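**Q** have a look at this fold, sequence not included:
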């Protein structure tokens, strides 16, 4: 479809997945990496029309090899940012290739994490405050000055060659300044100090930038790191805060728009406890936090990177499944010391074959050592709860495998489980309500309404609908009502059932403050038989509907909620049909009984 | 994950896509086909651990080559059924491989289309009636006897080596018997006669069979053929007939369960005008009608084939997007005569880069000739209407490309468009209602209710919701009401809005006969101010809910429908939020005007 030949510096797993996307579009890719059988080279051959060696065997840091690759391709790109940006610029200047994406300038800027931060700050992108620690001056004094300015603990980081937490040092006492400098290269490399940022959660957004500078972002996701290595990803981002996800996307898009050259960028951010978002760092290439896009989005990050660098139209970044997650398969043991290292590491992948909605992506790496990225598993589902359940099975298997590997792995399995448990749930409301990934919220003005509302809860439970149940009073807790209604979509709640008696303002006032459907249950009071509440709930003004059911009939409210879920989730429609069939059979049994036993009356 | 090495007879596009699935699971595949650069061999290399030639160069009909491949692999499978089944059995008997899937006996049985039909009929699977025309007897007499028994026109078919319509002859007059026999091999090959089956539509179901005989089916789809070549596929199957799709799956599962050996099977069926389903033929391998599974289902047909033949658990066959389609990219011209043949053929793929939800799969074939399968485009969407719109853009491009190729292609572009236009819509109701792929149905008991129900229609139109609008009366057309309610899910209608006055039975009676949510609009009559209708609609018994809105407020019914759609389709939730924001701004403008102009009062 495009006869451009693409050269990639690096031939690991990112190249492998990029090669998959390219092969679907008949685009030829050549990789530069050491060895004949790197993950990318294993599966990416070059078609017949191009004879000679398929890929280049050599280091992506080797200038001669970069030139050799450049001579064979039209466009150069990277799967790793720690490349020789000067050589890429030289290759471009010599017109050995048509383009380098992203631009060498962008790669150079991003390689230096401090320069990256200064650049972003200059473009009004919120970042953690930081200070340069030059290695040609007194580094000890500079670190102490930074500690004075930012307080302890303080993050000390290598400006370059840092990834997956390597090159970071947490300074907790000024007594450790020397140790920190030694740990971070002993003064050989420039460092920078970063203010301690005790974030609440980590967020990431993939952004693709076209040749003409247009940017498009994927949904914001929550990333879970263990010991600075990506452990799992959950999409879309859930939160109590309406608009948080859109704010994260806007920041990520703004940041990527400041760079030159085309391609996909991984933008990692911190969500602070006060709700602020700070950009942590950017990767100028496909990113681990975007692997979920392969099975969950209309266009994968790899295809969009290809489209961007070829100048083709960018693909849709929309989710095609409502909820998704990704679990990294990180090496659990060293193959040299444990012959079962690979089997242990891949145990969650084997388990995933029994779990619907999962897709395994293995990278074909021959060696296995603790923490090495060996593959990942993508999970999709019709709801957060379903994805969480599917993910739960994989995390359980991971825990067993980690135990079997005798905790040789450098992270804490329990901590990972706990964090994953919290993820996808709302930040603070999870403690108030019943199910952490509720699809339906049942609310009522007072606990005196509980007996009337219980059949709704029981029915949802019987029909496997994850729900939360709580008290929200329109007149006594108007702020809580507002927060509850506003946050519903961002928390993943798709339907609200509100029970109310008397003046019965709750359903209508909630409907006025949320775009999700609200089902109103009129609760019969001591006067007027509930007709007052019925009319209050049903007679909404034009513009704000409440789906009203019969007085005191919360069972029907739950059944209506299941019918509504069935419009998007086929299994719920099947459950409703089964419920109706059962109801019919129940009545038919009574018909028979009456026909048989009527004589006795 | 599995160290089994798989050998495949054939190395075309099916092998290529099978190889993609295998590489994700680190499973090594070797292909047997002529040439170094067949579609499958292009992208499927063998990892470092296996040295020597990656694939076998030779014909999959060559016994020596089959043995050569067998010696290098553990399990053999096929991407085409026209292989030497005897040799596969011999290889198995000699224990050169652990298994051949599907079994040589299954392949042999399916190769002979008449034997296949006899076998299926013996297992109570409904097939078109047919008669053998042996080539060792008087074929002319046998054909005439068949014509007498089945009437004309009569289908004459080659028992073996037939695909994509090749090997079929439509006998319209007994004068043509000789011509038919000549056209079908001149008596060299055995034939069979098939009763003319003027079907209404074509249906297909992919079925995967595990080593232990368990079968699982994918959703039923509608296939559109042009000149016996698969043109496009639409999933899931839509129909006026409730349960049709499930019936098709049951027949396909029953048929595949009769075969031995594991793997995926493509089952093609005819839907007759009387609603009967007849099985047409079965392919014992991945199939064109299952390509949509790559982007639309939780596990693709290729991965499930791999899982089945390796004895791994079968993957989920569920759709992960609500609606999907597939368009084949068939060669439009001969590259030898038209240097732009490939560009013309791939025009819809280039166009698809602008269409969200599409994924292009090209096969890397170097040659291009009319009708050759060069690739396909998968389309996913949140609704049939969205998929139809996306597909429409591709079909439009195809039409232009066909015109540019000066109709060298052997099919009729207009006919294809028309058929595709009809597809996804209901069989007969399309003429009665407004939108052929309606998500919402608006019904009312009488045209006198139309003025009250019009705001619902106008609102749905304004918010881009595909809907249908018609009259369904509970008391005057009870059968029509039943059919309408029952068929709603099978037709793809997700919500019904029912307006009714007076006794107002329509909403409740519809809700009693469908699992989709029903929104009731009480229409104000000449007495009781509509309170009679309100109570009739809202006071439903336990078990059958109607979502009731205010009297005469069909606007709110439409807004509720949009909120309900928003639970599954994010864009509708965004539209609802925008509507609410606009409503708020509209009131705020009035607030300002009142504050400013109040002096005048």
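**A** Ah, there it is. Quantities reported herein were computed from a predicted structural model and do not represent experimental measurements.

**Q** only C-alpha atoms for contact and neighbour calcs from this point on.
**A** OK.

**Q** next one: the helix or strand harbouring residue A:397, is it in contact with chain B?
**A** Secondary structure assignment for residue A:397, by DSSP states H and E: helix A:384-404. No: Helix A:384-404 is not in contact with chain B by C-alpha under 8 Å from any C-alpha of the partner chain; minimum separation 12.2 Å.

**Q** likewise for stretch A:241-252?
**A** No: with C-alpha under 8 Å from any C-alpha as the criterion, chain B is not reached by stretch A:241-252; the gap is at least 11.6 Å.

**Q** report the distance from that stretch to the chain centre.
**A** Mean-position distance between stretch A:241-252 and its chain equals 13 Å (C-alpha atoms, centre = their mean, to the nearest Å).

**Q** same question for stretch A:236-251.
**A** 12 Å.

**Q** what residues does the helix holding residue A:397 touch?
**A** Residues outside helix A:384-404 that contact it (C-alpha atoms under 8 Å, 6 or more residues apart in numbering or on different chains): A:322-325, A:327, A:332, A:344-345, A:347-349, A:351-352, A:355-357, A:379-381, A:408-409, A:413-414, A:417, A:424, A:437-439, A:466, A:492.

**Q** how about it: buried residues?
**A** Across helix A:384-404, burial judged by 16 or more other C-alpha atoms under 10 Å in any protein chain shown covers A:384-388, A:390-391, A:393-395, A:397-402, A:404.

**Q** so for that helix, mean pLDDT?
**A** What helix A:384-404 shows for mean pLDDT is 95.

**Q** and what of stretch A:558-573?
**A** Mean predicted lDDT for stretch A:558-573 stands at 97.

**Q** do that stretch and chain B meet?
**A** Yes: Stretch A:558-573 reaches chain B (C-alpha under 8 Å from any C-alpha) through A:559-560, A:563-569, A:573.

**Q** that stretch: which residues count as buried?
**A** By 16+ other C-alpha under 10 Å, the buried positions in stretch A:558-573 come out as A:558-569, A:572-573.

**Q** how far does it stretch from start to finish?
**A** Stretch A:558-573 has its terminal residues 13 Å apart, counting by C-alpha to C-alpha, to the nearest Å.

**Q** how far does it sit from its chain's centre?
**A** Per C-alpha atoms, centre = their mean, the displacement of stretch A:558-573 from the mean C-alpha position of its chain is 26 Å.

**Q** next: stretch A:195-213.
**A** Chain-centre distance of stretch A:195-213: 12 Å, with C-alpha atoms, centre = their mean.

**Q** again, but for stretch A:575-590
**A** Distance, stretch centre to chain centre, for stretch A:575-590: 41 Å (C-alpha atoms, centre = their mean).

**Q** near chain B, anything from that stretch?
**A** Yes: using C-alpha under 8 Å from any C-alpha, stretch A:575-590 reaches chain B at A:576-577, A:580, A:583.

**Q** show me what counts as buried in that stretch.
**A** Neighbour counts using 16+ other C-alpha under 10 Å place A:575-577, A:579-580 of stretch A:575-590 among the buried residues.

**Q** circling back: will you turn the residues of stretch A:558-573 next to chain B into a markdown table that also has distance to residue B:485?
**A** Formatted as a markdown table, the residues of stretch A:558-573 next to chain B follow (distance: C-alpha to C-alpha, whole Å):
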| residue | distance to residue B:485 |
| --- | --- |
| A:559 | 17 |
| A:560 | 16 |
| A:563 | 14 |
| A:564 | 16 |
| A:565 | 18 |
| A:566 | 15 |
| A:567 | 15 |
| A:568 | 18 |
| A:569 | 19 |
| A:573 | 14 |
